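Peer 1: Following is a predicted model, sequence given first.
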Amino acid sequence: MGTIKFFKERFKRAFICNEGFTLIELMIVIAILAILGAFAVNTFKGVIPNAKITAVKSNFNTFENALEAYSLNHNSYPTTEEGLQRLVSDGLIKNKKDALLDPWNNPYQYRYPGKFSDSFEIWSYGADGVEGGEGANADIKSWE
């Protein structure tokens with residue numbers, strides 16, 4: 001309570017009596033702002049990578065729905081060679097320039113028949129764009 005009263009009186013004197021703030025007071029305020037900024041950066045550090053992983057999983061759902069529709073029309077899924085591009089050419093996915101790119105601007109990978117599942121497999125190599133990795137660089141797979 002005493003601290004608040006001190007600052008209240010100090011602010012009154014600074015603004016009413018045309019007194020300025022001392023260098024120490026300004027440094028204390030800057031230090032407090034720096035500490036608060038450090039907490040904010042640390043809090044939000046993991047938000048963007050998690051959002052990108054969520055976007056990949058959402059895109060998997062879009063691809064899976066389009067692949068099921070393709071399968072109903074053709075009695076099979078596109079081959080590995082045809083890939084997800086076949087969904088674009090059949091009009092099942094809008095032909096946006098980045099429709100088949102993950103959030104890191106790397107192409108999504110597709111395989112049919114799958115090695116690790118009974119059906120097709122879709123995956124992203126993660127932030128680093130190469131197979132394997134941990135954390136943000138880990139591969140994101142539709143079958144896991």
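Peer 2: Great, that's in hand. Quantities reported herein were computed from a predicted structural model and do not represent experimental measurements. Numbers count the residues shown, from 1 in each chain.

Peer 1: Give me the contacts around stretch 49-65.
Peer 2: With contacts defined as Cβ atoms under 8 Å, 6 or more residues apart in numbering, stretch 49-65 is touched by 84, 87, 93, 102-104, 108, 110, 122, 124, 127, 135-136, 140, 142. Heads up, the C-betas are built off the backbone N, CA and C, glycines and all.

Peer 1: Show me the two of those residues that sit farthest apart.
Peer 2: For these, the farthest-apart pair by Cβ to Cβ is 87 and 135; their separation is 29.9 Å.

Peer 1: sorry, back to before: if we take the contacts of stretch 49-65, which one ends up nearest to residue 71?
Peer 2: residue 87 (10.9 Å).

Peer 1: Show the pLDDT at the closest one.
Peer 2: Note for residue 87: predicted pLDDT of 91.

Peer 1: Would you mind measuring from it to residue 37?
Peer 2: Residue 87 sits 45 Å away from residue 37 when distances are taken as Cβ to Cβ, to the nearest Å.

Peer 1: go on, residue 79?
Peer 2: From residue 79 over to residue 37 (counting by Cβ to Cβ), the distance is 52 Å.
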